[in-house]
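> output the structure for:
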Amino acid sequence: MIGPSLAGETTASRMSDSSSDVGDSTSSPTPAPTSRAPRPRAGMRHRGAWPPVATVAEIRRAPKPEPEPKPRPKPKPKQPRTPAEPPAPMSVRIGTFNVLGSQHTDADGPRFTYPSAEVRTARTASLVAQHGVDVLGTQELQADQLRGLQARTGMAAYPGFTWGEVETDNSILYDPGVFELVSGSQFTITFMGRARPQPIARLRHLATGREFYVVNTHPSPGGGAYLTQRRNAQATLVSVVADLRAQGLPVLVTGDMNDREEFYCRVVAPGGLSAPNGGTYGSGCQPPPSPLPVDWVVGTGASWSNYWRDTSPVTAHTSDHFFISATAIVE
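Residues are numbered from 1 along each chain as shown. This is a model prediction of the structure:
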């Protein structure tokens, strides 16, 4: 076996012999050996240890490097909230009037000495203008009177004719240039032995967008069974007002209540309402000073001014009731 040094020498001597056989007397200088290891050729055995080579399966099974977490964006500094502007105040000139139904002044009616319904309706329209009301709760308003009053005033009405011509009596009239009807509903009381719907109108003030409820009602007059019906109607009204107040909106109530002090102490006080003509109930019920009409405008969520108890309709035989109006101010 030839050792590594001898093998190197033998190879070198062979290379020098071969170069002299070409016949070139001038021999080329032999290049200096380099330190780079020769590339392995096919069939040659590698005497050292090759680095391990991963298979395709091993590469696929190898865990993938976790992506570097993205830096979280810095939170933007909170801007101070601009306080919401309070809603603009709203005023409502509201009235109530029992117009005396047209049937009462017919030839065979109990008030046959009064002018006809047509004449009295024209007078009622004049009262609406004089009081400057833009919301009016009516009682005993018959279909012919409703048509005449709307034609003369341009006011819209709820329910108007929505419930038919026999249920126009307690319509709520309003100026459509000042308010729009958001929704209408009803509750029922017994009036002189018959179940009658009573209207609730939810109105929106066009100038401010503020909303409020108007409730109009007319319970039974007199004593006996009618008194019981009236007391039940008053309890129902207190419950209705409580439900509406729970919605956070002002509630205005109009009507021929057929009661004076009793209405104040049985409805206004327990209902948490106030009356534009006075009265207190903080330490016992103290109704407004006399003279008290049976016709009322009361409410909650509003302050009052310019109360007017107009007796002229009775004097002029326009009706057998006063025209009542006041200004409700909602801050």
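> show me where the stretch 101-250 of the chain has its helices.
117-131, 143-153, 225-245 (DSSP state H, counting those that start in this stretch).
> show me what the helix or strand that contains Gly95 is packed against.
Assigned by DSSP states H and E, Gly95 belongs to strand 90-98. Applying 3 or more C-beta pairs under 8 Å, 6 or more residues apart in numbering; DSSP states H and E, we find strand 90-98 packed against helix 117-131, strand 135-139, strand 211-217, strand 251-256, strand 295-300, strand 323-330. (Each C-beta comes from the backbone N, C-alpha and C, glycine too.)
> any buried residues in that strand, and which?
Within strand 90-98, the residues scored as buried using 16 or more other C-beta atoms under 10 Å are Met90, Ser91, Val92, Arg93, Ile94, Gly95, Thr96, Phe97, Asn98.
> do the same with stretch 192-212
Neighbour count says stretch 192-212 has 196-205, 210-212 buried, by 16+ other C-beta under 10 Å.
> can I get it in CSV, CA atoms only?
Output in CSV follows, covering the C-alpha atoms of stretch 192-212 (Å, rounded to 0.1, in the frame of the first residue of the first chain):
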residue,chain,number,x,y,z
MET,A,192,-124.0,57.5,30.6
GLY,A,193,-124.3,53.8,30.4
ARG,A,194,-122.4,53.3,27.1
ALA,A,195,-118.7,52.4,26.5
ARG,A,196,-117.1,55.4,24.7
PRO,A,197,-113.5,55.7,23.3
GLN,A,198,-111.5,58.6,24.6
PRO,A,199,-108.6,59.9,22.3
ILE,A,200,-104.9,60.2,23.0
ALA,A,201,-102.9,62.2,20.5
ARG,A,202,-99.1,62.2,20.4
LEU,A,203,-98.1,65.4,18.7
ARG,A,204,-94.7,66.7,17.5
HIS,A,205,-93.9,70.4,17.5
LEU,A,206,-92.5,71.1,14.0
ALA,A,207,-90.3,74.0,15.1
THR,A,208,-88.4,72.1,17.8
GLY,A,209,-89.1,68.4,17.2
ARG,A,210,-90.4,68.0,20.7
GLU,A,211,-93.3,65.6,21.4
PHE,A,212,-96.0,65.5,23.9
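> output the below-cut-off pLDDT ranges for this structure.
Within the chain, the segments meeting pLDDT under 70 span 1-54, 56-60, 62-65, 67, 82-83.
> how far away from the center of its chain is stretch 79-89?
Chain-centre distance of stretch 79-89: 17 Å, with C-alpha atoms, centre = their mean, to the nearest Å.
> if we can go back for a sec, tell me which of the buried residues of stretch 192-212 fall in strands.
Using DSSP state E, the members of these that fall in strands are Arg196, Pro197, Gln198, Pro199, Ile200, Ala201, Arg202, Leu203, Arg204, His205, Glu211, Phe212.
> Arg81: which of those is nearest?
Nearest to Arg81, judged by C-beta to C-beta, of these is Glu211 at 25.1 Å.
> which residue packs closest to the closest one, ignoring adjacent ones?
Arg204 (4.9 Å; C-beta to C-beta, 6 or more residues apart in numbering).
> how near is that neighbour to Val92?
Distance of Arg204 to Val92, given as C-beta to C-beta, to the nearest Å: 12 Å.
> cool, and Val166?
Using C-beta to C-beta, Val166 is found at 29 Å from Val92.
> about what we covered before: which of the buried residues of strand 90-98 sit farthest apart?
So, the buried residues of strand 90-98 by C-beta to C-beta: farthest apart are Met90 and Asn98, at 26.8 Å.
> is the residue nearest to Gly137 when sequence neighbours are not counted in a bridge, and if so with what?
If the residues on either side of it in the chain are set aside, Gly137 comes closest to Thr254, at 2.9 Å by C-beta to C-beta, 6+ apart. Following DSSP bridges, Thr254 is listed with bridge partners Asn216, Val297.
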